[in-house]
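>>> quick check, what structure comes out for this input:
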Amino acid sequence: MFKFVVVFMLLCRIAFPVKHSLMFSLTTSSGVPDFPEYMGSALVDDVQVGYFDSNIRTAEPKVDWMRKLMKDDPQHLEWYVNKCIEHQHFFKATIDSLMKRLNQTEGAHILQQISGCEWDEENGDIKGFQQYGFNGEDFIALDLKTLTWVAPNPLAFITKLKWDTETARLEYNKYYYIHVYSAWLKKYVNYSRSFLQRTDHPSVSLLQKTPSSQVTCHATGFYPDRADLFWRKDGLKLHEDMDKVEILPNHDGTFQMSVDLNISSIAPEDWKKYDCVFQLSGVEDVIIIKLDKSVIRTNWVSPSGFPAGAVIGVVVGLLLLLLCVTGLFIWRKKTNGFKPANTSDSADSNSDSSQSQLSGKTGGE
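Sure thing, here's the model as predicted:
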């Protein structure tokens, strides 16, 4: 459901999806100051890989593997740019038509679309989707099985009647969502795998807020997302007094995860019995970090004076913030609806939450 909300999530715990997905999110606005009139985002497996808006007027890859792919295939990047500009004109005409027909020509208005496909790598199933939202509410959605539009909002009924007659456009959309986009998704998944699969080890570190709080073992920069991170005592894996965070994506397509250890009942002389172990699936080597005060990063401020770990504390805070931001982004996708842009922010602050779209060919509203 569409709601104008800002969601703050701390220590988000969100499972990474099993299915692969390619999603394009478009937003056009009217009467919203200091905000791009049109902006779009492309996401692969819930990670933003590209961006476009009406101010920059070009498609910008957002992760290293997509930058390399676009460099290797400049025509693919050119297609994105041209399609984004084409859709910008369509969205402008559509929102203007809606505002006039609904007698809502004053104030701020937002039209959104999400489209793309999901691919189940195990059984090969492909599922395409396309839906629109207007002013914070579900508006109209395409049923690819019947090739008809569904209008949950009564205000969209006239639009449904018109769009249902555009059979060529419906067939075009079906072809793109089921065949073209699925081929691109498979290409992106395979390309990102070959690019992100690396021989160097990820970063694993121990974090702690205060000397008495739990110790967090945090691993980041690994690929693929099949990995294990756990605490051991005397070489045996622990299952109690731990709190594991699910694997989350990083902005560059790699992943991160963490596991907490409750040290309140551990005597100081027993710390040497504990260690944290990270293991990537298919890799024999493991990373082991001993529970040792000298290697723990903390933002704790000693009452006696300036803390030696103050600068490190900033790093800890940024790591936690990254967890929340990436988790929030996936959570918004998982709601299966649209979230209108927070128009109180500047255009720059929103430029990392949207990018180029490649919906099927569309006509005016």
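
>>> in this structure, which ranges drop under the pLDDT threshold?
Within the chain, the set of residues satisfying pLDDT under 70 comprises 1-18, 198-201, 241-244, 300-365.

>>> check which helices and strands the strand or helix carrying residue 75 sits against.
Following DSSP states H and E, one finds residue 75 within helix 74-101. On a contact count with 3 or more C-beta pairs under 8 Å, 6 or more residues apart in numbering; DSSP states H and E, helix 74-101 meets strand 20-30, strand 38-44, strand 47-53, helix 64-72, strand 109-119. Glycine gets a C-beta too; all of them are placed from N, C-alpha and C.

>>> how about the second one as PDB, C-alpha atoms only?
Backbone C-alpha positions of strand 38-44 (Å, rounded to 0.1, in the frame of the first residue of the first chain) are rendered in PDB as follows:
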ATOM      1  CA  TYR A  38      11.300  12.400 -13.200                       C
ATOM      2  CA  MET A  39      13.500   9.800 -11.600                       C
ATOM      3  CA  GLY A  40      14.100   6.100 -12.000                       C
ATOM      4  CA  SER A  41      15.900   3.200 -10.400                       C
ATOM      5  CA  ALA A  42      17.000  -0.200 -11.500                       C
ATOM      6  CA  LEU A  43      17.500  -2.900  -8.900                       C
ATOM      7  CA  VAL A  44      19.000  -6.500  -9.300                       C
END
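
>>> so what strands line up beside it?
Paired neighbours of strand 38-44 in the sheet (DSSP bridges): strand 20-30 (antiparallel), strand 47-53 (antiparallel).

>>> ok, which of the ones you listed comes nearest residue 90?
strand 20-30 (9.1 Å; C-beta to C-beta).

>>> still on that earlier bit, what's the most buried one of the helices and strands packed on helix 74-101?
Using mean count of other C-beta atoms under 10 Å, the stretch among the helices and strands packed on helix 74-101 with the largest mean neighbour count is strand 38-44, at a mean of 26.

>>> between it and helix 64-72, what angle do the directions make?
Orientation check (axes from the mean of the first three to the mean of the last three C-alpha atoms, to 10 degrees): strand 38-44 against helix 64-72 gives 110 degrees.

>>> please tell me how far the spatially closest residue to residue 109 that is not a sequence neighbour sits from residue 253.
Nearest non-adjacent residue to residue 109, counting by C-beta to C-beta, 6 or more residues apart in numbering: residue 30, 4.7 Å away. For residue 30, the distance to residue 253 equals 35 Å [C-beta to C-beta, to the nearest Å].

>>> do residue 219 as well
Residue 219 is 16 Å from residue 253, by C-beta to C-beta.

>>> give me the more crowded residue out of those two.
residue 219 (26 against 22; other C-beta atoms under 10 Å).

>>> give the buried residues for the helix or strand harbouring that one.
Using DSSP H and E, residue 219 maps to strand 215-222. For strand 215-222, a neighbour-count test (16 or more other C-beta atoms under 10 Å) marks 215, 216, 217, 218, 219, 220, 221, 222 as buried.

>>> contact partners for the third one?
Neighbouring residues of residue 217 by C-beta atoms under 8 Å, 6 or more residues apart in numbering: 204-207, 229, 231, 258-261, 276, 278, 289.

>>> who's it bridged to?
With DSSP bridges as the criterion, residue 217 is bridged to residue 206, residue 259.

>>> swap in the last one?
When assigned by DSSP bridges, residue 222 has beta-bridge partners residue 255.

>>> now do the helices in the chain.
In the chain, helices defined by DSSP state H lie at 64-72, 74-101, 157-164, 167-175, 181-196, 310-334, 347-350, listed in chain order.

>>> for residue 145, which of those helices is the nearest?
Residue 145 lies closest to helix 167-175 among the helices of the chain, at 9.5 Å (C-beta to C-beta).

>>> other SSEs contacting the closest one?
Judged by 3+ C-beta pairs under 8 Å, 6+ apart, the packing partners of helix 167-175 are strand 126-134, helix 157-164.

>>> partners of the longest one in the sheet?
Strand 126-134 pairs in its sheet with strand 109-119 (antiparallel), strand 137-143 (antiparallel), by DSSP bridges.

>>> may I have the first one as PDB, with CA atoms only?
These are the backbone C-alpha positions of strand 109-119, laid out as PDB (Å, rounded to 0.1, in the frame of the first residue of the first chain):
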ATOM      1  CA  HIS A 109       1.100  15.000  -7.100                       C
ATOM      2  CA  ILE A 110       3.200  11.800  -7.600                       C
ATOM      3  CA  LEU A 111       2.800   9.000 -10.100                       C
ATOM      4  CA  GLN A 112       4.900   5.900  -9.600                       C
ATOM      5  CA  GLN A 113       5.400   2.600 -11.400                       C
ATOM      6  CA  ILE A 114       7.300  -0.600 -10.600                       C
ATOM      7  CA  SER A 115       7.900  -3.300 -13.200                       C
ATOM      8  CA  GLY A 116      10.200  -6.100 -14.000                       C
ATOM      9  CA  CYS A 117      10.400  -9.800 -13.400                       C
ATOM     10  CA  GLU A 118      11.400 -12.500 -10.900                       C
ATOM     11  CA  TRP A 119      13.400 -15.600 -11.800                       C
END
